[in-house]
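Asker: dropping a prediction and its sequence here:
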Amino acid sequence: QVQLVESGGGLVQAGGSLRLSCAASGSIFSFNVMGWYRQAPGKQREYVAGITNGGSTNTADSVKGRFTISRDNVKNTVYLQMNSLKPEDTAVYYCAADTGGVIEDFVRGEYDYWGQGTQVTVSS
C-alpha cells in the first residue's frame, strides 16, 4: 500500500517561508509524476506544482517565482519550498502521485495517490 506523508506545515507571517516535505513509503521512481495540490476553506482543490521522475517541473501561475518543487530520490521525498508567502496561500496542502500519464494529466487532477494533508496558515 502506497503512503504519502506530508510534513512541514505551520503558521507563518506574510513574506515568510516554509518547506513542505512529502515522504513516500516506497521508491518515488514508481511514480511518473509527484506534486502538490492545495485546498482553502470553501474552495476547490487547486494545483500547485508537479515534478516528473526525470526531474522536469511545472508550477501554477499563482505561485510561480515563489514556490519551488524538488525531489530527493535517495530519501524518496518531494519538497515544496515556499517563499514570499501571502495570506491567500493559506490552505491544506496535499501531496499527490501518479503512476501513469504525463505531467499535463497531473495538472488536470489525474493522480492515483494522495496524502493526508498539512495545514499552512499565513497571517497578514
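Answerer: Noted; the coordinates are in hand. Residues are numbered from 1 along each chain as shown.

Asker: and for the spatially closest residue to residue 53 that is not a sequence neighbour, the neighbour number?
Answerer: Ranked by Cβ to Cβ, 6 or more residues apart in numbering and with sequence neighbours excluded, the top spatial neighbour of residue 53 is residue 29, at 5.5 Å. Glycine gets a C-beta too; all of them are placed from N, C-alpha and C. Residue 29: 11 surrounding residues under other Cβ atoms under 10 Å.

Asker: wait, residue 29 sits on residue 55?
Answerer: No. The criterion here is Cβ atoms under 8 Å, and residue 29 misses it with residue 55 at 11.5 Å.

Asker: could you look up the next helix or strand downstream of the helix or strand bottoming out on mean pLDDT in the chain?
Answerer: Within the chain, no helix or strand scores below helix 103-107, which has a mean of 92 by mean pLDDT, DSSP states H and E. Later in the chain than helix 103-107, the nearest helix or strand by DSSP states H and E is strand 113-114.

Asker: strand partners (parallel or antiparallel) of that next one?
Answerer: strand 91-98 (antiparallel) (DSSP bridges).

Asker: same question for the strand it pairs with, mean pLDDT?
Answerer: Computed over strand 91-98, the mean pLDDT rounds to 97.
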